[in-house]
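> build the 3D model from these lines:
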Amino acid sequence: MGFLNNLFSYFSSYNSMLINSFSVIFIIFIENPLKLKLVKLVSDLKTSTKQNVLYVILLSVFMVCLEFFIDNNYNIFIGYIFNFILIYFIFKMNLFKTFLTMSISILIFMFSYIFVLVPFIKIFNISYLMIQQIPLYYIAFLLIFYTIVALFLIAINYTKFKIDYLDCLNRKSKILFTIYNIFSISLIYIFGNNCLKLDENIFVNYIFTIFYFIGNMVIYILITKYSSLKLDLEVANNYNQVLSNINDTVRAFKHDFANIIASIGGFISTNDMLGLKKFYLSLETDYNELNNLYTLNPELISNSGVYNLLNQKYNLAVSNGIKFNLSYFVDINNFNISIYELTRILGILIDNAIDAAKSSHEKILNVSFKSEPKKHRNVIVVQNSYLDKNLDIDDIFRKGITSKVNHTGLGLWEVKKILGKNPNLDLYTSKDDLLFTQQLEIYDC
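Numbers count the residues shown, from 1 in each chain. This next block holds a predicted model:
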């Protein structure tokens with residue numbers, strides 16, 4: 001009994017060493033893993049074990065150093081800035097998506113802290129300083145705080161809330177949304193600080209913080225749903241056009257069926273095998289066109305962004321008289337690359353292929369997606385016919401190098417920059433007498 005009394009006394013009296021010890025434990029084993037999980041959930045991020053460990057270790061070391069060596073008034077903001085830098089460089093997200101992820105993380109952690117703090121102080125009739133100085137209150141408060149954050153993570157996972165769809169916002173909308181987020185964080189921080197004063201306005205500040213946070217999250221959800229619906233509508237419109245093209249092609253085949261049979265019969269009756277072969281090849285071209293249209297199916301190409309991109313490039317190629325052959329045998333959502341970076345690379349490669357193919361005699365463009373599980377990778381191959389057989393494949397990735405009129409030559413240079421940031425990506429370039437080939441290899445880790 002005496003031991004328990006001594007233990008209780010030890011935890012319920014001022015003890016800075018014990019506070020610091022538990023602070024380090026909580027930061028390393030609870031807070032930073034929660035931040036990692038939050039980042040992965042809201043951004044729908046696929047990460048490697050190496051990235052996860054690196055993020056938690058670097059953030060933990062930095063946060064512990066801040067805790068002991070930097071004034072408490074500044075360490076929160078410095079920690080947010082460092083966290084932003086880690087997310088951007090370790091997880092290779094674009095600036096806007098990194099900012100959104102950080103904004104949601106800050107809002108959830110800041111709100112949870114205030115949400116727990118005010119009732120905790122009132123129930124135990126203590127000051128904020130006592131929570132910071134007495135281990136018993138400090139540990140109890142932080143455990144409740146982390147539990148609330150964990151409940152937010154469960155809610156985000158359950159509702160499938162993602163910020164990926166916000167990437168399709170235009171530049172002006174992104175700027176306005178960024179300003180709004182900065183304003184929201186500042187406002188919650190100000191009213192949260194007012195709650196710590198424990199004056200007669202604490203209840204007003206507390207209620208305002210709660211309602212403003214709820215309203216802010218509702219706005220996030222509505223904008224995300226709007227962006228998702230907008231993208232789905234684009235997919236539906238594109239697919240309706242594909243179905244219309246399929247219907248026209250099938251009707252044409254049906255209309256010409258009797259003529260096709262009669263023509264085949266004529267070649268056979270005269271034993272004209274060479275003519276039959278040429279006739280078959282012309283039929284095969286029409287069949288391949290129909291097969292490509294069937295492949296442009298959002299149920300097969302399960303990512304809306306990639307589907308829209310391929311649909312637009314297909315229509316662009318066809319309008320330039322190019323034979324576009326598409327083969328797709330993968331689930332693109334399993335690729336270890338952000339959809340933003342994948343669409344950037346794919347868009348540049350196909351645009352270049354269309355430009356080269358339309359000036360060639362053969363006018364051929366082949367795009368294939370395939371999985372190679374034994375090699376732990378997925379492969380995208382873009383092939384096109386081309387006119388300039390003396391093209392230097394070692395020179396095309398240099399900044400400003402282009403064979404196209406009124407172009408800056410930044411496309412493949414941008415691709416090279418993306419490859420440099422992602423060690424699991426390789427791009428191999430080759431050519432033969434007919435086709436120029438770009439093979440993008442995306443490794444699982």
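> contacts only, for residue 79.
Contacts for residue 79 were tallied using Cβ atoms under 8 Å, 6 or more residues apart in numbering; they are 62-63, 66. Placement of C-beta: from N, CA and C, glycine included.
> those residues in helices, which ones?
Counting by DSSP state H, the part of the contacts of residue 79 found in helices is 62-63, 66.
> which of these tops the neighbour count?
The residue in the ones in helices among the contacts of residue 79 with the most neighbours, by other Cβ atoms under 10 Å, is residue 63 (21 neighbours).
> list the contacts of that one.
Residue 63 is in contact with 27, 31-32, 79, counting by Cβ under 8 Å, 6+ apart.
> isn't residue 124 right up against residue 137?
Yes: checked against Cβ atoms under 8 Å, the pair residue 124 and residue 137 is within contact range at 6.9 Å.
> who's more crowded, the two?
Comparing residue 124 with residue 137 by neighbour count (other Cβ under 10 Å), the higher total belongs to residue 137, at 21 against 14.
> which helix or strand contains that one?
Element membership for residue 137 (DSSP states H and E) is helix 135-159.
> for that helix, name the packing helices and strands.
helix 2-12, helix 16-26, helix 32-43, helix 95-124, helix 128-133 (3 or more Cβ pairs under 8 Å, 6 or more residues apart in numbering; DSSP states H and E).
> buried ones in it, by neighbour count?
135-142, 145-146, 149, 152-153, 156 (16 or more other Cβ atoms under 10 Å).
> follow-up on the earlier one: quick one: closest of the helices and strands packed on helix 135-159 to residue 438.
Ranking the helices and strands packed on helix 135-159 by distance to residue 438, with Cβ to Cβ as the measure, places helix 95-124 first at 25.8 Å.
> so the closest one versus helix 135-159, what angle?
Relative orientation of helix 95-124 versus helix 135-159 (axes from the mean of the first three to the mean of the last three Cα atoms, to 10 degrees): 130 degrees.
> do a quick rundown of the helices in the protein.
Applying DSSP H to the chain gives helices spanning 2-12, 16-26, 32-43, 49-69, 72-90, 95-124, 128-133, 135-159, 171-196, 202-269, 273-295, 304-319, 339-358, 411-421.
> quick one: the third one to chain centroid distance?
Relative to the mean C-alpha coordinate of its chain, helix 32-43 is positioned 14 Å out (Cα atoms, centre = their mean, to the nearest Å).
> identify the residues contacting that helix?
45, 47, 52, 55-56, 59-60, 63, 83, 87, 91, 93, 97, 100-101, 104-105, 108-109, 146, 149-150, 152-153, 156-157, 161-164.
> angle of it against helix 95-124?
Counting by the same axes, to 10 degrees, helix 32-43 lies at 130 degrees to helix 95-124.
> if we can go back for a sec, which among the buried residues of helix 135-159 gets closest to residue 184?
Residue 184 lies nearest to residue 152 out of those, by Cβ to Cβ, at 16.0 Å.
> test my guess that the closest one contacts residue 110.
No: look at residue 152 against residue 110 with Cβ under 8 Å: they stay out of range, at 11.7 Å.
> phi, psi for residue 272 please.
Residue 272 adopts backbone torsions of phi -90, psi 80, taken as degrees, to the nearest 10.
> OK, contacts around it?
Residue 272 sits in contact with residue 266, where contact means Cβ under 8 Å, 6+ apart.
> what distance do you get for it to residue 278?
9 Å (Cβ to Cβ, to the nearest Å).
> now for the two: what residues contact both?
Common contacts of residue 272 and residue 278 (Cβ under 8 Å, 6+ apart): none found.
> what number of residues lie near the residue nearest to residue 221 when sequence neighbours are not counted?
Using Cβ to Cβ, 6 or more residues apart in numbering and skipping the chain neighbours, the partner closest in space to residue 221 is residue 161 (6.6 Å). Applying other Cβ under 10 Å, we find 17 residues neighbouring residue 161.
> where's residue 161 relative to residue 153, distance?
On the measure of Cβ to Cβ, residue 161 and residue 153 end up 11 Å apart.
> over to residue 365?
44 Å.
> please apply the same query to residue 184.
Using Cβ to Cβ, residue 184 is found at 20 Å from residue 153.
> check residue 96 too.
Counting by Cβ to Cβ, the gap from residue 96 to residue 153 is 22 Å.
> mind checking which of the helices and strands packed on helix 135-159 is nearest residue 323?
Evaluated over the helices and strands packed on helix 135-159, closeness to residue 323 peaks at helix 95-124, with 36.5 Å, by Cβ to Cβ.
> just checking, what packs against the closest one?
Going by 3+ Cβ pairs under 8 Å, 6+ apart, helix 95-124 lies up against helix 32-43, helix 72-90, helix 128-133, helix 135-159, helix 171-196, helix 202-269.
> how about that helix: buried residues?
By 16+ other Cβ under 10 Å, the buried positions in helix 95-124 come out as 96-118, 120-121.
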